[in-house]
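Novice: only geometry, no sequence info:
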């Protein structure tokens, strides 16, 4: 005679299924968290790179004499920037401070000493 008693393994199958589901859920959550962290770091790196590129362009223009000395401000690629250049009292060198707005973190600030501005071509 066959008995119709429930199998003693039935309860363990439910526990095994729940443990498997929990492990799978943790794995998916960890993968999503890792992807989120990677996207955040990539966005921050792109932000820093954009600010550095703008500051570099300003520096090169000041070095070449393509931008006027003094205090100037503006915006490039949606980023506001300012610079201030002053002639050093003891030499002909120029002290420059460039600040570029960053979306993540504080502003990028560069301080440098530049040679005298190159002579411009005469209009005569």
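Specialist: Received it, and whenever you're ready, just let me know what you need. This structure is a prediction, so every number in the text was calculated from the model and none was measured.
Novice: Count the residues that sit near the closest residue to residue 70 other than its chain neighbours.
Specialist: What sits nearest to residue 70 in space, not counting adjacent residues and going by CB to CB, 6 or more residues apart in numbering, is residue 85, at 6.6 Å. The way it works is simple: take the backbone N, C-alpha and C, and place the C-beta from them, glycine included. Residue 85: 19 surrounding residues under other CB atoms under 10 Å.
Novice: who's in contact with stretch 103-116?
Specialist: 43-44, 47-48, 51-52, 55, 59, 62-63, 85, 87-88, 92-102 (CB atoms under 8 Å, 6 or more residues apart in numbering).
Novice: go again using 7 Å as the cut-off
Specialist: Defining contact as CB atoms under 7 Å, 6 or more residues apart in numbering, one finds that stretch 103-116 is touched by 44, 47, 51-52, 55, 59, 62-63, 92-102.
Novice: what does stretch 47-67 give?
Specialist: With CB under 7 Å, 6+ apart, stretch 47-67 has contacts from 76-77, 79, 81, 83, 85, 96, 98, 100, 102-104, 108, 110, 112, 114, 117-118, 120.
Novice: Buried residues, it. List them.
Specialist: The neighbour-count criterion (16 or more other CB atoms under 10 Å) identifies 47, 50, 51, 54, 55, 57, 58, 59, 62, 63, 67 as the buried residues of stretch 47-67.
Novice: host element of the third one?
Specialist: So the one you mean is residue 51. Assigned by DSSP states H and E, residue 51 falls within helix 10-64.
Novice: Now do the helix or strand following that helix against helix 10-64, angle only.
Specialist: The helix or strand immediately downstream of helix 10-64 is strand 70-76, counting by DSSP H and E. Following axes from the mean of the first three to the mean of the last three CA atoms, to 10 degrees, one obtains 140 degrees for the angle between strand 70-76 and helix 10-64.
Novice: Fine by me, we can end here.
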